[in-house]
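Engineer: Next one to model:
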Amino acid sequence: MSYPSALHDVIALAAQLACQEGKFPRTVVTALGRAGLLGLTCPAEPAGGGADLALAAEVVARVVPVCPATAAVLQSHYAAAAVVGAYGGRWLRGEVAAGRHLCSLAVVEDGAGGTVRSTVRRRGGVVTLRARKRDVVAAGEADSYIWSSPTVADSGGLTLWGVPAHAPGLFVPARATGVPLASATSTVVADPVRVPAEAMLGADGEGFGMLLGAVLPWLLELCAVVGSDAVHPSLGALARSASGAARSGDGQALAASASMALR
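Structural biologist: Residues are numbered from 1 along each chain as shown. Next comes the predicted model:
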C-alpha cells in the first residue's frame, strides 16, 4: 500500500473515533504501525520507510485537524525514533522500523513535590534510575521511553537511555484532577527503575548533543506544523527557544535553552 493511500485510510479511521474524548487512540496507533507510518522515518534497512523530516511533517499536518491526540503521539514518536535510529540497538531499531514499537520522549524534569530527584547509579551491569518526568506523551501507552538522566560518571551533562515501559518501578501516577488527555500526556515516575547498562544510548554525557542534533530538528519542524504547544507543551517551548538561538547562531544559547528545560 502506498503512503498516501495508507494515510488516507488511517485518517478516515481517526475521524470515526474522534468522538471518543479522553481515550488514547490505540486503534489508530495500531493502524499507523500496520500501515508502515510508525516506521516511516526509520532507515529502509531493515524495515523502515526511509522517509525524511519533510514527509513526516506532512503526515502530522494531515492528521492534526482530524485527531490532535494522534498527531501528538506521532510528533513525540518521530522525534524519539530519530534517537533510536541513530543510537538504538539492532532489536529496538528493527521493532520501531516494523511499526511494532511506539516510542516517546521522557526528558523534561517535573520537580513537583520534591519527592523524587533525578539520580543515576551503576553497579556492575545494572543501572538504577530515579526521576519524575513531566509532559510525557503516550505515558503508560508507549512501549519505551527515551529517558534522560545525569551522567553515570557525575561529570555534568546528560545521558540518554532506552527505558522499556514494562520495567519494574516505572509508573504513571493517577491524575489528581481534570479530564484525562487523549494523547495520554502525563507524568512518568521511576522510583526507581533498573535497566541493563546496555540501555544507554550513545556515550555517557553525550545526551545534550544527541538531543540538540537528533531530537530538536524534528521538534522544530513538527511544532511549526502543529502551530501550537498543545501537542507537546514543554518541548514546544524548548523548540521555540532553541529556534531563536539557532537563528542567531549562538551555540551557547542553544545549549543553555536545552539545559534549562531538561534539567
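
Engineer: In three-state terms, label Ala86 for me.
Structural biologist: helix (DSSP: H, G, I helix; E, B strand; the rest coil).

Engineer: Please tell me how far the closest residue to it other than its chain neighbours sits from Leu7.
Structural biologist: Distances taken as C-beta to C-beta, 6 or more residues apart in numbering put Ala214 closest to Ala86, at 5.4 Å, once the chain neighbours are dropped. No exception for glycine: its C-beta is placed from N, CA and C like everyone else's. From Ala214 across to Leu7, the span is 24 Å (C-beta to C-beta, to the nearest Å).

Engineer: got it, and Lys23?
Structural biologist: For Lys23 relative to Leu7 (C-beta to C-beta), the value is 22 Å.

Engineer: So these two - more neighbours on which side?
Structural biologist: Just comparing Lys23 and Leu7: by other C-beta atoms under 10 Å the higher neighbour count belongs to Leu7, 20 against 13.

Engineer: that's a strand at Asp135, yeah?
Structural biologist: Yes. Counting by three-state DSSP, one finds Asp135 located in a strand.

Engineer: thought it was touching Thr185?
Structural biologist: Yes. Under the contact definition of C-beta atoms under 8 Å, Asp135 touches Thr185, with a separation of 6.0 Å.

Engineer: hang on, isn't Pro168 packed against Val193?
Structural biologist: Yes. In this structure, Pro168 is within contact of Val193 by C-beta under 8 Å, at 6.9 Å.

Engineer: if you count what's nearby, which of these two comes out ahead?
Structural biologist: More crowded of Pro168 and Val193, by other C-beta under 10 Å: Val193, with 22 against 9.

Engineer: contacting residues for the closest residue to the more buried one other than its chain neighbours?
Structural biologist: Sequence neighbours aside, Gly169 is the residue nearest to Val193 in space, at 4.1 Å (criterion: C-beta to C-beta, 6+ apart). For Gly169, the contact set (C-beta atoms under 8 Å, 6 or more residues apart in numbering) comprises Ala190, Asp191, Pro192, Val193, Arg194.

Engineer: Just among those residues, which is most surrounded?
Structural biologist: Ranked by neighbour count (other C-beta under 10 Å), these have Ala190 at the top, with 27 neighbours.

Engineer: right, and that residue touches Leu170 too?
Structural biologist: Yes. Taking C-beta under 8 Å as the definition, Ala190 is a contact partner of Leu170 at 5.4 Å.

Engineer: which residues are contacting whichever strand or helix holds Val29?
Structural biologist: Assigned by DSSP states H and E, Val29 belongs to helix 26-34. Here helix 26-34 makes contact (C-beta under 8 Å, 6+ apart) with 9-10, 13-14, 17, 38-39, 67, 70, 73-74, 98-100, 102, 141.

Engineer: Give the ChimeraX command for selecting the buried subset of those.
Structural biologist: Here is the ChimeraX command that selects the buried residues among those (16 or more other C-beta atoms under 10 Å):
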select :10,13,14,17,38,39,67,70,73,74,98,99,102,141
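
Engineer: which of the contacts of helix 26-34 lies closest to Thr159?
Structural biologist: Using C-beta to C-beta, Leu102 comes nearest to Thr159 of those, at 22.7 Å.

Engineer: which regions of the stretch 151-263 of the chain sit below the pLDDT cut-off?
Structural biologist: Applying pLDDT under 70 to the stretch 151-263 of the chain flags residues 175-180, 226-263.

Engineer: for it, what spans make up the strands?
Structural biologist: For the stretch 151-263 of the chain, the strands defined by DSSP state E, counting those that start in this stretch cover 159-164, 170-171, 186-196, 200-201.

Engineer: between those, which one is nearest to Tyr87?
Structural biologist: Among the strands of the stretch 151-263 of the chain, the nearest to Tyr87 by C-beta to C-beta is strand 200-201 (4.1 Å).
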